[in-house]
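In: Below are the sequence and a predicted model; questions follow.
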Amino acid sequence: MKGAESNVVEQDVQETPRGVIQMPGGILGFEHVKKYVLLGSREEAPFMRLQMAENPDLSFLVIEPGYVADTYQPDISEAEVEGLGLTRAEDAWLLNIVTLHQDGHATVNLKGPVLINRNTLIAKQVVPLNAADYSLQHPLPLAAA
Amino acid sequence: MLVLARKLNQNIVIDGRIIVRVLRVERDVVKLGIQAPTSIPVHRQEVYEEIQRSNKSALNTGPGSVPRLPDKP
């Protein structure tokens, strides 16, 4: 599964998959929500929105880890990879959830990335085997205002 | 809570589709193997709870604006 992450960085962010992303296990804390739509726009790039398909008011801001952490190498278990039916590294698409805090700073969750199978559009929030190495609140570098 | 005694390499079957196996017992650490369908997420409770909290605070309830990243050199 190493190697799968490295090519994600090179992907065109605008190329968001069309269609509904199925998350059979949901996002932790939102297990009952199984369907999401991933929206990307030029204005918000490189951020994208993982929006609840049945409740468009609710969304998670997500970003590819390459923009925030150069050395991010989550070790995702074979069971997770197989569970998502991932057979080719290029089908694996990793996104991390961004939290915008009240005081204006932003952090990225590197401990529980969302892994999407681009081919089937089935996704899961996974906990990498080396999750202990990564921060739940990795600071997002922001441009000076 | 149901309490079951299990020996090394013995299993517990839950709902006919989840298997929990005792893989190793060493001092105060028990290593368990868990086999479950993908639709059933399995996590260590501490990790599960902190990611759950993080997700809840990350949920956006409107369009809002996104932060701007510094330009890459």
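Out: Everything's here; your move.

In: Grab the nearest non-local neighbour of the residue most central in space within chain A.
Out: If you average the C-alpha coordinates of chain A and look for the closest C-alpha using Cα atoms, centre = their mean, you land on A:Leu95, 1.9 Å from that point. Among residues not flanking A:Leu95 along the chain, A:Val62 sits closest, at 4.2 Å (Cβ to Cβ, 6 or more residues apart in numbering or on different chains). Where C-beta positions appear, they are placed from N, C-alpha and C, glycine not excepted.

In: residues touching the one you found, list them.
Out: Taking Cβ atoms under 8 Å, 6 or more residues apart in numbering or on different chains as the criterion, A:Val62 is in contact with A:Leu38, A:Phe47, A:Met48, A:Arg49, A:Leu50, A:Leu95, A:Asn96, A:Ile97, A:Val98, A:Val114.

In: so which strand or helix has it?
Out: With elements delineated by DSSP states H and E, A:Val62 resides in strand A:55-63, which encompasses its position.

In: One more: B:Tyr48?
Out: B:Tyr48 belongs to helix B:45-58 when elements are defined using DSSP H and E.

In: Direction included, what does the following helix or strand past that helix pair against?
Out: Downstream of helix B:45-58, the first helix or strand assigned by DSSP H and E is strand B:59-60. If you go by DSSP bridges, strand B:59-60 pairs up with strand A:55-63 (antiparallel).

In: okay but A:Gln51 is in contact with A:Gly40, surely?
Out: No: with contact taken as Cβ atoms under 8 Å, A:Gln51 and A:Gly40 are classed as non-touching, separated by 11.0 Å.

In: measure the residue nearest the centre of chain B to A:Lys111 for me?
Out: With the centre of chain B defined as its mean C-alpha position, the nearest residue by Cα atoms, centre = their mean is B:His43, 1.0 Å away. Separation of B:His43 from A:Lys111 (Cβ to Cβ, to the nearest Å) stands at 11 Å.

In: Quick check: neighbours shared by these two?
Out: Looking at what touches both B:His43 and A:Lys111 (by Cβ under 8 Å, 6+ apart), the common residues are A:Val127, B:Ile51.

In: how about the residue nearest to the centre of chain A, what does it touch?
Out: For A:Leu95, the residues meeting the contact criterion (Cβ under 8 Å, 6+ apart) are A:Met48, A:Leu50, A:Val62, A:Ile63, A:Glu64, A:Pro65, A:Pro113, A:Val114, A:Ile116.
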